[in-house]
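In: Quick one: sequence and predicted model below, then my questions.
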Amino acid sequence: MIRRREFLVAMGAAAAAPSLVRAQQPTVIKMGSLKLIHSIAPHFYERFTPAGYRVEVIPFESPTEGKNAVVTKSVDFGMFGIAAATLGAAAGEPIVVIASACNRGMAVIAGHDSGISGIKDLKGKRVAIWPGSTQEVFILERLRMEGMSIKDIQPIRLQFSDHPAALARGDIDAYVGAEPAPGISLANGTGQLVEYPYSTPIGSLNMILSASEKAVKGNPERIKLIVDMHRKAIDYAMANPPQIVDMAMQKLGQQKKSIELAVPNVELAWKLDDVFMERAGAYTKLMFENKQIRQLPDVNKVVTKQFM
């Protein structure tokens, strides 16, 4: 009788074991992130992730891909340029900005022997621009400030990661790029800096952290958790620039010299303060004036400060 009872107890424990293992599995948070230095923060989340959770970073090549992944719930959160978020909001997509992510991180780079030293010198030149990107909005405004328009240059549709190689081959004369591309071109000697395009009304505003409207309304506790991780990771990374270099080398596969040239042009950020809101408002206005969006989204509805 005793042996039978022991046998039944053992069998019950074995049957319960799979359920116990499942219960101990961490909750996976899928974070969409661009393959750029100014989207490096999610790779620092691990050290600030609470017990019971695990962050899986999903890389995307373009801001639009990242935005679409949030909208379709392929990822839980997404980090990409504010241009993509604005395009989505203007189209009625349920995208919500829950934190800032990065300022700066952009540059206009020309071929080393191109003779291009300023924005006006881009006239008639082949300039690589990624449509729907924050960089596109910046260069359109910089051209306007110089009395020019997109019609004065030859815009070439090219994703960020292809910019340095295209410039080195001579396929383009210049590009409006995202780090680490500018750092690569400067490090290998094929490119020269035309300018960091931060003199417009939108300043250096660049990337944001987003979630779907449904997630914000349905699970605010989880949103607060990720924003807290985001804030801690960014504060840590900005206080330790050499670790940004190391992480970018590891995750992006770039050479140390190019990363070291790129990092000073990257300001990781998380606050949704008055400066952010002012620049975001100017940003949507510029996109509307440039006919990139058909209607002005309400910035105060697209951006929520409740998790700050």
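Out: Structure's in. What do you need? Residues are numbered from 1 along each chain as shown.

In: use CA for all of it now, contacts and neighbours both
Out: Fine.

In: Glu136: how many residues sit nearby?
Out: 19 (other Cα atoms under 10 Å).

In: Repeat that for Ala51.
Out: Ala51 has 8 neighbours, counted by other Cα under 10 Å.

In: dump the residue contacts of it.
Out: Contact criterion Cα atoms under 8 Å, 6 or more residues apart in numbering gives Pro26 as the residues in contact with Ala51.

In: Tell me the spacing between Lys76 and Ile226.
Out: Actually, residue 76 is Asp. It isn't Lys. According to Cα to Cα, to the nearest Å, Asp76 and Ile226 sit 10 Å apart.

In: Oh, that last question was meant for Leu34, not what I typed.
Out: Noted for Leu34: a distance of 17 Å to Ile226, by Cα to Cα.

In: what about those two, which has more around it?
Out: Ranked by neighbour count (other Cα under 10 Å), Leu34 and Ile226 place Ile226 first, with 25 against 21.

In: Which pLDDT value goes with that one?
Out: As predicted, Ile226 sits at a pLDDT of 96.

In: Surely it forms part of a helix?
Out: Yes: Ile226: assigned to a helix according to DSSP: H, G, I helix; E, B strand; the rest coil.

In: List the residues that contact it.
Out: For Ile226, no residue counts as a contact, taking Cα under 8 Å, 6+ apart as the criterion.

In: can you list contacts of the helix or strand where Ala85 lies?
Out: Element membership of Ala85, judged by DSSP states H and E, is helix 82-90. The set of residues external to helix 82-90 that reach it, using Cα under 8 Å, 6+ apart, is 63-64, 67, 94-97, 132-134, 137, 205-208, 210, 280, 284, 292-297, 302.

In: Give me the buried entries from these.
Out: Using 16 or more other Cα atoms under 10 Å as the burial test, the contacts of helix 82-90 include 63-64, 67, 94-97, 132-134, 137, 205-208, 210, 280, 284, 292-293, 295-297, 302 as buried.

In: so how far is Leu186 from Lys125?
Out: From Lys125 over to Leu186 the distance is 20 Å, taken as Cα to Cα.

In: between the two, who's got more neighbours?
Out: A side-by-side neighbour count of Lys125 and Leu186, using other Cα under 10 Å, places Leu186 first with 21 against 18.

In: which SSE is that one in?
Out: Assignment of secondary structure by DSSP H and E places Leu186 within helix 181-187.

In: Report the distance from that helix to the chain centre.
Out: 19 Å (Cα atoms, centre = their mean, to the nearest Å).

In: Stretch 108-128 now?
Out: Chain-centre distance of stretch 108-128: 26 Å, with Cα atoms, centre = their mean.

In: ditto for stretch 33-44
Out: Averaging C-alpha coordinates over stretch 33-44 and over its chain gives two centres that are 7 Å apart (Cα atoms, centre = their mean).

In: State the mean pLDDT of it.
Out: In this model, stretch 33-44 carries a mean pLDDT of 93.

In: what comes up buried for that stretch?
Out: 33-44.

In: Nearest to the spatial middle of the protein, which residue is it?
Out: If you average the C-alpha coordinates of the chain and look for the closest C-alpha using Cα atoms, centre = their mean, you land on Phe80, 3.0 Å from that point.

In: Name the strands paired with the strand or helix carrying it and say parallel or antiparallel.
Out: Phe80 is located in strand 77-81, with elements delineated by DSSP H and E. Listed by DSSP bridges, the sheet partners of strand 77-81 and their directions read strand 27-34 (parallel), strand 205-212 (antiparallel).

In: Okay, now the unreliable bits of the stretch 51-200 of the chain?
Out: Judged against pLDDT under 70, the stretch 51-200 of the chain has no low-scoring part.

In: What segments of it are strands?
Out: Ranges of strands in the stretch 51-200 of the chain, per DSSP state E, counting those that start in this stretch, are 53-60, 77-81, 95-104, 106-111, 126-129, 154-157, 174-178, 191-195.

In: Quick one: residues in contact with the second one.
Out: The contact list for strand 77-81, computed with Cα under 8 Å, 6+ apart, reads 30-34, 39, 63, 66-67, 69-70, 101, 133-134, 206-212.

In: Over to the last one?
Out: Outside of strand 191-195, the residues that reach it under the criterion Cα under 8 Å, 6+ apart are 107-112, 116-119, 167-168, 182, 185-186.
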